[in-house]
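**Q** no FASTA, just this:
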């Protein structure tokens, strides 16, 4: 077996994706790795042989037809089948198939964290000059808070994702929609029967794809003793080294309870007075840099409507204490019809982004809970979640 030395930021999913393996193969070859919450730098991983796809050549097959069916270039067949010529293609011969070429820039090769986000934003802006990437602030640990812009319309729209750390899968789902939008504009294609040029000319869409990058990294990679907040984080997490259920930022403040919308009542309802994996609202509204940056950017852009992506539950929340305009419920119904999600009139919740947006602007605002299960939702659900989020976003862009 080949050997691999774990580096900072490595996870079983990321290593498996890098070497064309399944996570389960790595655990089979390294049983100890399935018994600890995170890999640690310096640990030695044994890499089993990659299990390539096999195919038996059928009558009428050609390199081109097989390559088209399985999504790769015909010349790649020779690379993974040493000694084979694509000019001799005998029926009944078993051949290895190369990996399929990716259809999208935005895809999952393991967990999706701040580093993957930065790389993908560079790729998207290089591929599609109509996409602009701005920095609207920094996290507690100094990571950039990105705001991505597409469109030239006078009306502004806002969507954010991953306010909660263990809901990180909302980030790549949102960026997949952005890629679909930009690609359709560039290639002159429709999106679910809608001409995206209408959106582009009418709206300027702002996306904050990862509002809590420090928390996302903590959930995915854990924390080592050299971390600035190591002792506090372990204490706040109840002595546990597994942070996969963590929702808060690196200060232990729940960004979903950080906005000035009946904040004091939310504090009393939650009953949390110290940093915690979730539900601690901090010492004051917008005391955390991530929440402050999003609120400031929202005020600067003054969007016509706003949406915050969370997971899980397949529900859409559209109201807040009667501050919402009358049209909000009908808009939520349209979002639900597009996605199959259930519009819900929510009671007994304050201090969220949607709550503050509706109260401050008196405009339609929505929280959309994508998928079903336990957070973090499994990576295997990603493609289905992308379809759901794209349906929600298509409807959101088409509201009038």
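**A** Sure thing, it's come through. Treat the numbers as computed from the prediction; the structure is a model and nothing was measured.

**Q** Going along the chain, name the helices of the protein.
**A** 12-18, 23-29, 63-70, 76-80, 114-127, 170-187, 196-202, 213-221, 230-236, 263-270, 289-301, 327-339, 353-361, 382-398 (DSSP state H).

**Q** which one of those is the most hemmed in?
**A** Of all these, helix 213-221 carries the top mean neighbour count, a mean of 26, counting by mean count of other C-beta atoms under 10 Å. Heads up, the C-betas are built off the backbone N, CA and C, glycines and all.

**Q** by contact count, what packs against it?
**A** Using 3 or more C-beta pairs under 8 Å, 6 or more residues apart in numbering; DSSP states H and E, the elements in contact with helix 213-221 are helix 114-127.

**Q** what's the spacing between the helix it packs on and its chain's center?
**A** 13 Å (C-alpha atoms, centre = their mean, to the nearest Å).

**Q** Give the other helices and strands that that helix contacts.
**A** Counting by 3+ C-beta pairs under 8 Å, 6+ apart, the packing neighbours recorded for helix 114-127 are strand 132-138, strand 144-150, helix 170-187, helix 213-221.

**Q** State the mean pLDDT of it.
**A** In this model, helix 114-127 has a mean pLDDT of 98.

**Q** could you give the angle of that helix to helix 170-187?
**A** 10 degrees (axes from the mean of the first three to the mean of the last three C-alpha atoms, to 10 degrees).

**Q** Would you mind getting the angle between helix 114-127 and helix 213-221?
**A** Using the same axes, to 10 degrees: helix 114-127 against helix 213-221 is 120 degrees.

**Q** Pipe the helices and strands packed on helix 114-127 into TSV and attach mean pLDDT per row.
**A** Output for the helices and strands packed on helix 114-127, formatted as TSV (pLDDT from 0 to 100):
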stretch	mean pLDDT
strand 132-138	98
strand 144-150	98
helix 170-187	98
helix 213-221	98
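
**Q** Compare the ones you listed and report which one is nearest to residue 257.
**A** Residue 257 sits nearest to helix 213-221 of all these, at 13.6 Å, using C-beta to C-beta.

**Q** Next, the angle from the closest one to helix 289-301.
**A** 130 degrees.

**Q** low-confidence ranges in the stretch 1-150 of the chain?
**A** 51 (pLDDT under 70).

**Q** I'd assumed residue 98 was in contact with residue 55.
**A** No. Look at residue 55 against residue 98 with C-beta atoms under 8 Å: they stay out of range, at 10.8 Å.

**Q** Who has more neighbours out of these two?
**A** residue 98 (20 against 16; other C-beta atoms under 10 Å).

**Q** who touches that one in this structure?
**A** 52, 72, 76, 77, 79, 80 (C-beta atoms under 8 Å, 6 or more residues apart in numbering).

**Q** Ramachandran angles for it?
**A** phi -70, psi 170 (degrees, to the nearest 10).

**Q** just so I know, which of the helices of the chain lies nearest residue 134?
**A** It's helix 289-301; of those, that one is closest to residue 134 (C-beta to C-beta) at 8.7 Å.

**Q** Figure out how far the closest one is from the centre of its chain.
**A** Centroid separation for helix 289-301 versus its chain: 20 Å, with C-alpha atoms, centre = their mean.
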